[in-house]
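>>> Pasted the sequence and its predicted model underneath.
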Amino acid sequence: MKKTKFIKLKLREASFISRGLLSSRHPVLAHLIPMRRCNLACGYCNEYDHSSSPVPLEVIKRRVDRLAALGTSIITISGGEPMMHPELDDIVHHIRLRGMIAGLISNGYYFTPERIKRLNKAGLEYLQISIDNVNPDEVSRKSLRVLDKKLGYLSEYADFHVNINSVIGGGIKNPEDALTVARRAVELGFSTTVGVIHDNDGTLKPLSPREKDIFQQVKKLGNKDHARLNWFQDSIAEGKPYNWRCRAGARYLYICEEGLVHWCSQQRGYPGIPLEEYTMGDFDREYNTEKWCAPTCTLQCVHQVGILDNWRDPQKTPAQLAAEQKEKDSVGEMVRVE
Ligand code: SF4
Ligand code: SF4
């Protein structure tokens with residue numbers, strides 16, 4: 001990424017962070033899904049199919065416009081595999097036209113010099129690729145050996161920030177792979193992050209001493225900003241719950257291919273309201289709702305967004321909020337009767 005573009009992006013980020021600190025009444029980050037289909041079938045993933053069609057461009061543009069109207073700062077396009085969407089460049093361009101930061105999460109398989117140049121032109125600002133292992137196995141083909149040529153193209157042609165995420169825990173066979181992936185990312189001039197994941201059965205178990213050692217080494221190699229923002233990972237690495245306020249459904253939005261707002265990729269169905277009908281009343285309710293899944297959550301981006309408001313506005317459980325609403329309704333009823 002050119003130095004001038006990098007400085008401009010950092011300045012824009014800083015202004016969005018200040019805006020997020022000054023006001024808690026707009027979304028900071030939205031994940032938008034234009035494509036549920038994926039070319040891979042990772043063993044741990046519940047976010048793909050092999051048959052759905054891309055969401056039409058005009059429909060996606062309307063969703064981008066609605067997110068802009070809500071005051072969203074960043075839109076990250078995710079999937080499935082969003083590079084399979086035939087009009088991805090137009091989606092990126094539209095996000096930029098509406099003044100928001102445009103990011104992309106991809107498995108990396110479709111990057112060619114020509115595709116990268118088109119994304120440069122469209123105005124893409126961030127790309128994240130997660131690499132799970134060095135050699136493909138029965139669980140994941142998001143592998144350094146398969147993707148290394150693509151990473152080379154990105155290093156040569158991308159005029160956007162590239163972050164390579166590796167993973168540790170969750171029964172990943174060779175924890176050392178995370179270190180190999182991170183070292184290669186740094187060698188190619190990319191930033192790198194590491195995700196701690198739950199065990200295969202979803203339980204929170206401490207990392208083994210060997211995994212912990214590698215986790216610390218990868219963190220040292222990585223993006224210092226992310227390391228500073230990801231304190232929660234130290235608790236997860238120890239197998240301990242983490243106390244924080246998840247603002248999903250408000251400061252963070254997950255918009256599925258059907259245009260419904262969900263808390264996140266792992267809690268689809270809540271609240272499940274169409275984006276075009278999503279009001280600031282919905283925003284406030286979700287902002288104030290304590291999420292039962294927060295103590296063991298490993299979703300880095302939602303944690304990072306949560307930091308903006310962790311110091312303010314304590315949350316209540318859904319039962320407490322429902323009781324308060326009932327009380328308000330009965331007072332309203334009494335006033336109407338009188
Ligand atoms: S590449 Fe991503 S979306 Fe596709 S199956 Fe793997 S984790 Fe899921
Ligand atoms: S705590 Fe994590 S899993 Fe639960 S809603 Fe928030 S982001 Fe999703």
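Yep, that arrived. Ligands and ions are numbered 1, 2, ... in the order given.
>>> Next one: the residue in the stretch 101-250 of the chain positioned nearest to ligand 2 relative to D309, how far apart?
Closest contact between the stretch 101-250 of the chain and ligand 2, by C-beta to the nearest ligand atom, is at C246 (3.4 Å). Where you see a C-beta, it was placed from the backbone N, CA and C, and this is true even at glycine. Noted for C246: a distance of 10 Å to D309, by C-beta to C-beta, to the nearest Å.
>>> quick one on the thing from earlier: ok, the residue of the stretch 101-250 of the chain closest to ligand 2 - contacts?
Remark: with contacts taken as C-beta atoms under 8 Å, 6 or more residues apart in numbering, C246 is in contact with W263, K291, C293, A294, C297, V302, G306.
>>> so where do the strands sit in the stretch 151-300 of the chain?
Counting by DSSP state E, counting those that start in this stretch, the stretch 151-300 of the chain forms strands over residues 161-169, 191-197, 252-255, 260-262, 271-274, given from the N-terminal end onward.
>>> got a pLDDT number for the closest residue to C297 other than its chain neighbours?
For C297, the nearest residue in space outside its immediate sequence neighbours is C246; the separation is 6.5 Å by C-beta to C-beta, 6 or more residues apart in numbering. Per-residue confidence for C246 comes out at a pLDDT of 97.
>>> for Y252, same thing?
According to the model, Y252 scores 98 on pLDDT.
>>> Number of residues surrounding it?
The number of residues packed around Y252, counting by other C-beta atoms under 10 Å, is 25.
>>> Pretty sure it sits against P27.
Yes. Y252 sits in contact with P27 when judged by C-beta atoms under 8 Å, with a separation of 6.9 Å.
>>> count of residues packed around L151?
Using other C-beta under 10 Å, L151 has 23 neighbouring residues.
>>> repeat for the one 10 residues further on
Applying other C-beta under 10 Å, we find 19 residues neighbouring H161.
>>> do the same with P206
For P206, which is what you asked about, the neighbour count (other C-beta under 10 Å) is 13.
>>> The closest residue to it other than its chain neighbours: how many residues sit nearby?
Spatial nearest neighbour of P206, excluding adjacent residues (C-beta to C-beta, 6+ apart): G239 at 3.3 Å. Residues lying near G239 (other C-beta under 10 Å) number 15.
>>> Then K328?
The tally of other residues near K328 (other C-beta under 10 Å) stands at 10.
>>> Which secondary structure element is home to it?
Per DSSP states H and E, K328 falls inside helix 318-337.
>>> Identify the residues contacting that helix?
Looking at helix 318-337 with C-beta under 8 Å, 6+ apart, the contacting residues turn out to be R285, N288, T289, E290, K316.
>>> just to revisit the earlier point, could you save the strands of the stretch 151-300 of the chain as TSV and add columns showing distance to S330?
As requested, the strands of the stretch 151-300 of the chain are exported to TSV (distance: least, C-beta to C-beta, whole Å):
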stretch	distance to S330
strand 161-169	48
strand 191-197	46
strand 252-255	32
strand 260-262	29
strand 271-274	24
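>>> lowest-confidence stretch among those strands?
For the strands of the stretch 151-300 of the chain, the bottom mean pLDDT is recorded on strand 191-197, which sits at a mean of 88.
>>> Skipping its backbone neighbours, what lies nearest the spatially most central residue of the chain in space?
Residue closest to the average C-alpha location in the chain (C-alpha atoms, centre = their mean): C301, at 4.7 Å. The spatially closest residue to C301, leaving aside those adjacent along the chain, is L29, at 6.2 Å (C-beta to C-beta, 6+ apart).
>>> So what pairs up with the one you found in the strands?
Applying DSSP bridges to L29 yields these beta-bridge partners: I74, Y252.
>>> Let me see the contact set for it.
Contacts were defined as C-beta under 8 Å, 6+ apart; by that measure L29 touches T72, S73, I74, I75, T76, R251, Y252, L253, C301, V305.
>>> Give me the below-cutoff pLDDT ranges for the stretch 201-338 of the chain.
For the stretch 201-338 of the chain, the stretches with pLDDT under 70 are 201-204, 223-230, 338.
>>> Name the residues of it found near ligand 2, please.
Neighbours of ligand 2 within the stretch 201-338 of the chain, by C-beta under 6 Å from any ligand atom: C246, A248, W263, C264, Q266, Q267, K291, C293, A294, C297, L299, V302.
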